[in-house]
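Participant: Structure, please.
(2 chains)
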Amino acid sequence: DTAVSQTPKYLVTQMGNDKSIKCEQNLGHDTMYWYKQDSKKFLKIMFSYNNKELIINETVPNRFSPKSPDKAHLNLHINSLELGDSAVYFCASSQDSLAGLNEQFFGPGTRLTVL
Amino acid sequence: DAKTTQPPSMDCAEGRAANLPCNHSTISGNEYVYWYRQIHSQGPQYIIHGLKNNETNEMASLIITEDRKSSTLILPHATLRDTAVYYCIVGAGNTPLVFGKGTRLSVIA
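Facilitator: Below is the predicted model:
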């Protein structure tokens, strides 16, 4: 069983389109995240959700809108796609812990290419 | 910005121990040291974490200096499958990870 899954794995689209990436975790975790890895391979946090509530929203354009229908899902919707949005997007999840353990489980990534 | 400094790349012979250093001189008292790795084209994978004591699990050992300003990840018997980018991350629990540039480890046959 896949712990954190993302669909689609690859997404090629034209500038100006709207697209969504889906993420599901079957680990029963409370917190989910979206990270972006650009062409220079830097991994940066975009959003963090805890029990369906937005906790962290880094300086991400408001064209990006995460949605969490339940605590097992965190989807990412992107409006008016731009060339600079081309990247690999990773979803992750973790379980709240008092012991400092921040073991995040990452999905396989979605490679988005905007033409 | 990442609070850690790592060498950009290292080589290790297959079967030998790989020792990956990390400096985190500004670490706070409540912050842990985490190590993750990213094998090409895959999502990052958790390896180990520690606060001040040395830690060992089935994947690796983590040695943290007494002043907590630096640490070393040890892969005791590196294999070709250990070739990856290794990230040393400092932070408190349940917060997003702040990734730096990491160390690209190449295990050579």
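
Participant: tell me which parts of chain B are close to chain A?
Facilitator: Within chain B, the positions near chain A by Cβ under 8 Å from any Cβ of the partner chain are B:32, B:34, B:36, B:38, B:41-46, B:49, B:51, B:85, B:87, B:91-99, B:101. (C-beta placed from N, C-alpha, C; glycine too.)

Participant: First-to-last residue distance for stretch A:82-90?
Facilitator: According to Cα to Cα, to the nearest Å, stretch A:82-90 extends 18 Å from its N-terminal end residue to its C-terminal end residue.

Participant: Other residues contacting that stretch?
Facilitator: Here stretch A:82-90 makes contact (Cβ atoms under 8 Å, 6 or more residues apart in numbering or on different chains) with A:6, A:15, A:21, A:34-39, A:43, A:46, A:63, A:76, A:78, A:106-107, A:109-114, B:43-44.

Participant: Just the buried ones from these?
Facilitator: Among the contacts of stretch A:82-90, those that count as buried by neighbour count (16 or more other Cβ atoms under 10 Å in any protein chain shown) are A:6, A:21, A:34-37, A:43, A:46, A:76, A:78, A:106-107, A:109-112, A:114, B:43-44.

Participant: so what's residue A:105 up against?
Facilitator: Per Cβ under 8 Å, 6+ apart, neighbours of residue A:105: A:3, A:4, A:25, A:27, A:29, A:92, A:93, A:94, B:46.

Participant: so the fourth one makes contact with residue A:2?
Facilitator: Pointing back at residue A:27 there. No. The pair formed by residue A:27 and residue A:2 falls short of the contact definition of Cβ atoms under 8 Å, at 10.2 Å.

Participant: So those two - more neighbours on which side?
Facilitator: Between residue A:27 and residue A:2, counted using other Cβ atoms under 10 Å in any protein chain shown, residue A:27 has the larger neighbour count: 13 against 10.
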